[in-house]
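Asker: everything below, folded, please.
(2 chains)
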Amino acid sequence: NAGVTQTPKFRILKIGQSMTLQCTQDMNHNYMYWYRQDPGMGLKLIYYSVGAGITDKGEVPNGYNVSRSTTEDFPLRLELAAPSQTSVYFCASSLWPGTSGTSSYNEQFFGPGTRLTVL
Amino acid sequence: GESVGLHLPTLSVQEGDNSIINCAYSNSASDYFIWYKQESGKGPQFIIDIRSNMDKRQGQRVTVLLNKTVKHLSLQIAATQPGDSAVYFCADRYTGNQFYFGTGTSLTVIP
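Answerer: Okay, the predicted model is just below:
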């Protein structure tokens, strides 16, 4: 299994440009998440999905959009990029959202991250 | 919103000593907690979890303690090794499927 893969690894955008961050998992996980991590900070949840066709906002959704047409893919779309969106973006997936009595079912597996700079 | 914070932003320990990393959370409705390890340039990696109906859980060289009375969580690492050097985050869950992460503690192991 490749686990969770993200592309691209790095990207520089100009203010106002748009882009899509790709995320794919091959573990047949229902739950997928997008987080951003600013320098020296913890992760903040942007959006999450509980299955194909179902998405919901997290803590910091403004300026982003997501879709989940398949179990495997959960792309994150940035429209009209702003300097405040400069961050490292992590995608994660899990079998359960923390409600299983089996720890391994709740574990969130993270991708390697995408470092985005908006100038 | 949720406030999950760590008491110390940095911690240095001698190789072989035990490490203790602390975390405070603010919402008494939090029902599930996770500790993550993040090495430089990588995504977080699950270490250990604990449910709110427990006060202690042990893994390989790691122990998590939960004190719901004072809303405090700690991660103990036994016989700390250089490979344990990383940033450690606690995260909690209290609304649906959302997890809230703390700021992180940077652990440095001195050989």
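Asker: alpha carbons only for contacts and neighbour counts from here, please
Answerer: Noted.
Asker: looking at chain B, what residue ends up closest to chain A?
Answerer: residue B:103 (4.2 Å; Cα to the nearest Cα).
Asker: does that residue touch residue A:44 like I think?
Answerer: No - in this structure, residue B:103 is not within contact of residue A:44 by Cα atoms under 8 Å, at 10.0 Å.
Asker: where does the residue of chain B closest to chain A sit: helix, strand or coil?
Answerer: Secondary structure, DSSP: H, G, I helix; E, B strand; the rest coil: residue B:103 is coil.
Asker: run through the residues that contact the closest residue to it other than its chain neighbours.
Answerer: Computed as Cα to Cα, 6 or more residues apart in numbering or on different chains, the closest residue to residue B:103 that is not its neighbour in sequence is residue A:42, at 4.2 Å. The contact partners of residue A:42, taken as Cα atoms under 8 Å, 6 or more residues apart in numbering or on different chains, are B:89, B:101, B:102, B:103, B:104.
Asker: quick check: bridge partners of the second one?
Answerer: If I follow you right, that is residue B:101. In this structure, residue B:101 bridges to residue B:91 when assessed by DSSP bridges.
Asker: ok but residue A:105 is inside a helix, no?
Answerer: Yes - with three-state DSSP as the criterion, residue A:105 is located in a helix.
Asker: okay, now it: neighbour count?
Answerer: 15 (other Cα atoms under 10 Å in any protein chain shown).
Asker: chain A contacts on chain B?
Answerer: B:32, B:41-46, B:48-49, B:89, B:93, B:97-104 (Cα under 8 Å from any Cα of the partner chain).
Asker: picking that back up, which of the contacts of residue A:42 sit farthest apart?
Answerer: B:101 and B:104 (8.1 Å; Cα to Cα).
Asker: so which of these two has more stuff around it?
Answerer: Of the pair residue B:101 and residue B:104, residue B:104 is the one with more neighbours under other Cα under 10 Å, namely 29 against 26.
Asker: quick one, what contacts that one?
Answerer: Per Cα under 8 Å, 6+ apart, neighbours of residue B:104: A:40, A:41, A:42, B:5, B:6, B:9, B:87, B:88, B:89, B:90.
Asker: how far away is the most centrally placed residue in chain A from residue B:37?
Answerer: The centroid of chain A falls nearest to residue A:34 when counting by Cα atoms, centre = their mean (2.3 Å). Here the criterion is Cα to Cα, to the nearest Å. By it, residue A:34 lies 18 Å from residue B:37.
Asker: which residue comes closest to residue B:78 once chain neighbours are left out?
Answerer: Nearest to residue B:78 is residue B:18, by Cα to Cα, 6+ apart, at 4.6 Å.
Asker: next, count neighbours for the one you found.
Answerer: 15.
Asker: so how far is residue A:40 from it?
Answerer: Distance from residue B:18 to residue A:40, by Cα to Cα: 24 Å.
Asker: residue B:86 is in contact with residue B:39, correct?
Answerer: Yes - in terms of Cα under 8 Å, residue B:39 counts as a neighbour of residue B:86; the distance is 4.9 Å.
Asker: fine by me, thanks again.
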